[in-house]
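# below are the sequence and a predicted model for it; my questions follow.
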Amino acid sequence: METREAARRATEPRLRPPRHRVQRRAIAHWTVRTLFATAAAAAPTGIAAVALALFEVVPWLVLALAAATATVAAIGLAVTAVMPAWRYRVHRWEVTDEAVYTASGWLWQEWRIAPLSRIQTVDTDRGPLQRAFGLATLTVTTASAAGPLKVDGLDAELAADLAARLSEATQAIPGDAT
Amino acid sequence: MKGVIGMDDTVNGALHAVPTGAGAHPGAGAPAGSEWRRLSPLTVRVSLLAVALFFVLPGLAGAGVTAFFGVFWPWGALILSAAALLTLSIGGGEVFRYRLTRYRVTEERMEMRSGVIARTHRSLPRDRIRTVDVAASLWARPFGLCRVTVGSGQSGDPGDELKLDLVTAEEGRRLRRELLRRSPGAPAAAGARPGDAADDAGQAGGEPVVLAALAPRWFRYGALSWGPMALGYGALAALVGIAAQIIGDFASSLFVPIGMGLYDFVMSAALVTVPSVLLGVVAFGTSVALAVHIEAWWGYRLTREPDGTLLVKRGLLNLSSVSIEERRLRGVELCEYLPLRWFGAASVAAIASGLGENEQNKGLVAKRTLSPDMPRAEAVRTAGDVLPGAGFPELARHPRAALRRRLFRAAAATVLLTAAVGAPLWLVPAVPADVAAGGTAAAAAVSALLSAPYAVGAYRGLGHGLDRRLLYLRGGMAARSTVALKREAVIGWTVTRSPLQRRAGLSTLGATVAADSGVHKARDIGHGQGLALADEAVPGLLAPFLIRD
């Protein structure tokens, strides 16, 4: 049973990862972003704990709030330690003459393929933090309601170039891409 | 209505807000039938009738009651003047709305000007019009009027449509014919593929073809259909709630003795009363559900019109007719929901773009529904007529690992439920140990007996298949549905894998489709199996990214 399954699996197709990695700087960006998110998540309980401790009221509540803050912070820091490097290993992209192919995620991973002929809009987004790292997100929208393809962590100039190239390529194809 | 008064509605470029001052579109020309039209003048009367029923009659009744009790001044007068004020303001508003609303259909676009305070001019390019729905509500029917909703279905935005509220039934039919006819000047069916054009050519001209028509014996499924059933038992729950409140208010003070007597009587005759109460509940719920179902589906007919649209007509009191352009049809869905699946029933729905499925007030029957619940064989035949070639063959199973995942989830659910029931029993000191043990064991047994068959059913529900034109994906346990997608309508693939799926060699394959549903998933398909299926279904798209060794 096990061997047959193994034999079958060997002949089955596998997805090869997209050809290009995102920028290495993206690791730093994701690290900072996760730290910010952790701080934001831990702040309310933390502040409440400190405030209650200052007024020396309900000591058990202070303890509970401190524990909650510590838990949130610990989870956030653990994610910060693991996620960026892992994400960098997974996040990849590729644009061929026919299709856009992206891989993203870390624990939950997603591979997406959309043919150029079905692309409707191509955008780049740059948040303030991304700008600080010179990065951008490329967003490729298709006619489907399934949501756009995104490449997070591209070099800003490369993203703009890609967006221009993709828009050009998709404009060359007639129809409303549905 | 969405949006703030004073803002033009501009949605994804589909509806261009044009400054009100701008007149006719340059180049639109003015061929016959393109002049500005008004809504039906009877619109105002329909609104006044509704206002009279809802405000004036209750107002008069209220005034009468106050007069009877001798407090007409000031209370009755107040009620009357409030009713009069409401009637006047709503009636006046309606007169203004009627006077200020204009619409026209030109060769290129449909335009509508409306708005009492803030004027809006909305314009919908005709080649973007996907659906024209005609609904005649109970109010409008005596006047021979209907509401026409013209939608372009861009991103399913509810604001992305023009509503003509109300026009004559004749005008409704004319608009439907006119707007869905492929205008000769328009860029020939933008987005249509050669295959579709060939399909259309075969149906041009001629009479409508009836694909399915109501058989009264299908109504027996109504009592167990989800929507009507929910309404039926919901109505019962509301009634019981009101009754309980009234009884609660009185019983606490006045009727305690009677209540106690009743309680004793019920307890002494539990064998008789409990089943009869249950029977009453079921009978009431069933009859409401049946009535709702019959109201929705009376006179149901699904036809293929000569202009290349599918037309669903139905309704006993509120008539509804929904048309779906076949050119926009991406596939069909066969819905086999419990408990009706146990009785061999199924229904058919369309997978198409521009049906506005994301709309919030979907009503009892979603726009994409093509048929009521009917015997499965009939449903399969209807689906095959709607989408030629859809035969719903035997589908391939997913790997056993998918079953193991579902059984594992069932076990987890059992443990959680048992803990949820057992923990309080053990923690409350008053509960004797043997009762706690028995309760825990019972909870474990019941949840295991429910969740294990559910897991097996969910696994057996999974399936996928491929034939010459269509890709089939099946899933779901309580809401089992099989979708048949046109292979050329698949515009991309997504493969998602959780950590556990990666360990088990499974993945969730999603076929993206340019329809409101967006993506149709094959959950827990074998990773290689799914990739092979995707590669075969749409040749060439996935191949460059696959490794075969």
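Perfect, thanks for sending it.

# which residue, other than its chain neighbours, is closest to residue B:309?
In space, and not counting its chain neighbours, residue B:309 is closest to residue B:323: 4.4 Å by Cβ to Cβ, 6 or more residues apart in numbering or on different chains. Every C-beta, even on glycine, is put in place using the N, C-alpha and C of the backbone.

# just checking, the one you found touches residue B:305?
Yes. Assessed by Cβ atoms under 8 Å, residue B:323 is found in contact with residue B:305 at 7.1 Å.

# where does the record place the domain boundaries for chain A?
Chain A breaks down into these domains under automatic domain parsing: A:21-88, A:91-171.

# now the helices for chain A?
Assigned by DSSP state H, the helices in chain A fall at A:2-11, A:25-55, A:59-90, A:128-132, A:156-171.

# for residue B:329, give its distance to residue B:513.
Using Cβ to Cβ, to the nearest Å, we find residue B:329 at a distance of 11 Å from residue B:513.

# mutual contacts of the two, please.
residue B:351 (Cβ atoms under 8 Å, 6 or more residues apart in numbering or on different chains).

# neighbour-wise, which of those two wins?
The residue with more neighbours, out of residue B:329 and residue B:513, is residue B:513; 28 against 22, by other Cβ atoms under 10 Å in any protein chain shown.

# gap between the more buried one and residue B:520?
Distance from residue B:513 to residue B:520, by Cβ to Cβ: 6 Å.

# quick one: which of the helices of chain A is nearest residue B:244?
Closest to residue B:244 of the helices of chain A, according to Cβ to Cβ: helix A:59-90, at 38.8 Å.

# contacts only, for residue 102.
No chain specified, so I'll use chain A. Residue A:102 neighbours (Cβ under 8 Å, 6+ apart): A:18, A:92-94, A:111-112, A:149-151.

# my bad, the chain I had in mind was chain B
Residues counted as contacts of residue B:102 (Cβ under 8 Å, 6+ apart) are B:36-38, B:112-114.

# which residues does the residue nearest to residue A:23 when sequence neighbours are not counted form a beta bridge with?
Leaving aside its sequence neighbours, residue A:23 sits nearest to residue A:155 (Cβ to Cβ, 6+ apart; 5.0 Å). Note on residue A:155: beta-bridge partners by DSSP bridges are residue A:135.

# ok, whichever residue of chain A sits closest to chain B - contacts?
The minimum distance from chain A to chain B, using Cβ to the nearest Cβ, falls at residue A:12 (2.6 Å). Contacts for residue A:12 were tallied using Cβ under 8 Å, 6+ apart; they are B:526-529, B:531-532.

# cool, and residue B:533?
Taking Cβ under 8 Å, 6+ apart, we find residue B:533 in contact with B:464, B:466, B:471, B:509, B:522, B:525.

# any regions of the chain where pLDDT drops low?
All of this is about chain A. Within chain A, the stretches with pLDDT under 70 are A:1-11, A:145, A:173-178.

# meant chain B, my bad for not saying
Using pLDDT under 70, chain B drops low at B:1-33, B:153-160, B:182-206, B:246-262, B:265-267, B:270, B:354-363.

# can you show me the helices along it?
Using DSSP H, helices in chain B cover B:42-51, B:57-68, B:77-100, B:169-180, B:194-203, B:226-253, B:256-268, B:270-297, B:376-386, B:400-427, B:433-461, B:499-504, B:527-537.

# torsion angles phi and psi at the one residue sitting closest to the centre of chain B?
Nearest to the mean C-alpha position of chain B, by Cα atoms, centre = their mean, lies residue B:366 at 2.1 Å. For residue B:366, the backbone dihedrals (degrees, to the nearest 10) come out as phi -70, psi 150.

# with distance to residue B:479 added, can I get the helices of chain B in JSON lines?
Rendered in JSON lines, the data for the helices of chain B read as follows (distance: least, Cβ to Cβ, whole Å):
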{"stretch": "helix B:42-51", "distance to residue B:479": "36"}
{"stretch": "helix B:57-68", "distance to residue B:479": "41"}
{"stretch": "helix B:77-100", "distance to residue B:479": "41"}
{"stretch": "helix B:169-180", "distance to residue B:479": "31"}
{"stretch": "helix B:194-203", "distance to residue B:479": "30"}
{"stretch": "helix B:226-253", "distance to residue B:479": "8"}
{"stretch": "helix B:256-268", "distance to residue B:479": "38"}
{"stretch": "helix B:270-297", "distance to residue B:479": "18"}
{"stretch": "helix B:376-386", "distance to residue B:479": "15"}
{"stretch": "helix B:400-427", "distance to residue B:479": "16"}
{"stretch": "helix B:433-461", "distance to residue B:479": "10"}
{"stretch": "helix B:499-504", "distance to residue B:479": "22"}
{"stretch": "helix B:527-537", "distance to residue B:479": "22"}
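
# ok, which of those comes nearest residue B:318?
Per Cβ to Cβ, nearest to residue B:318 of the helices of chain B: helix B:270-297, 7.2 Å.

# okay, angle between that closest one and helix B:226-253 too, please.
140 degrees (axes from the mean of the first three to the mean of the last three Cα atoms, to 10 degrees).

# which parts of helix B:270-297 are buried?
For helix B:270-297, a neighbour-count test (16 or more other Cβ atoms under 10 Å in any protein chain shown) marks B:284-286, B:288-297 as buried.

# minimum distance to chain A, which residue of chain B gives it?
For chain B, Cβ to the nearest Cβ, closest residue to chain A: residue B:528, 2.6 Å.

# number of residues surrounding that residue?
A count of neighbours around residue B:528, defined by other Cβ under 10 Å, yields 21.

# contacting residues around the residue lying closest to residue B:83 once chain neighbours are set aside?
Spatially, and ignoring its direct neighbours in sequence, residue B:83 is nearest to residue B:59 (2.8 Å; Cβ to Cβ, 6+ apart). By Cβ under 8 Å, 6+ apart, residue B:59 lies in contact with B:79-80, B:82-84.

# near chain A, which residues of the stretch 201-350 of chain B? Just list them.
Residues of the stretch 201-350 of chain B lying close to chain A (Cβ under 8 Å from any Cβ of the partner chain) are residue B:328.

# quick revisit: return the closest of the contacts of residue B:59 with respect to residue A:42.
residue B:82 (54.0 Å).

# ok, the closest one - contacts?
Going by Cβ under 8 Å, 6+ apart, the list of residues near residue B:82 reads residue B:59.

# and residue B:347, how far from residue B:269?
42 Å.

# those two: which has the busier surroundings?
It is residue B:347, of residue B:347 and residue B:269, that has more neighbours when counted by other Cβ under 10 Å, with 26 against 11.

# isn't that one right up against residue B:335?
Yes. Judged on Cβ under 8 Å, residue B:347 makes contact with residue B:335 at a distance of 4.9 Å.

# let me see the contact set for the residue nearest to residue B:448 when sequence neighbours are not counted.
Spatial nearest neighbour of residue B:448, excluding adjacent residues (Cβ to Cβ, 6+ apart): residue B:414 at 4.8 Å. By Cβ under 8 Å, 6+ apart, the residues touching residue B:414 are B:444, B:447-448, B:451.

# same list (those residues) but as JSON lines, adding neighbour count and distance to residue A:64.
Listed next are these as JSON lines, based on neighbours: other Cβ atoms under 10 Å in any protein chain shown; distance: Cβ to Cβ, whole Å:
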{"residue": "B:444", "neighbour count": "17", "distance to residue A:64": "32"}
{"residue": "B:447", "neighbour count": "20", "distance to residue A:64": "32"}
{"residue": "B:448", "neighbour count": "17", "distance to residue A:64": "36"}
{"residue": "B:451", "neighbour count": "19", "distance to residue A:64": "34"}
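
# adding distance to residue B:105, write those residues out as a markdown table.
Putting the contacts of residue B:414 into a markdown table (distance: Cβ to Cβ, whole Å) gives the following:
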| residue | distance to residue B:105 |
| --- | --- |
| B:444 | 66 |
| B:447 | 60 |
| B:448 | 62 |
| B:451 | 56 |
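
# and which of the residues you listed is nearest to residue B:313?
residue B:451 (42.3 Å).

# what about the nearest residue to the closest one once chain neighbours are set aside, distance to residue B:423?
Closest residue to residue B:451 apart from its sequence neighbours, by Cβ to Cβ, 6+ apart: residue B:410 at 3.8 Å. Noted for residue B:410: a distance of 20 Å to residue B:423, by Cβ to Cβ.
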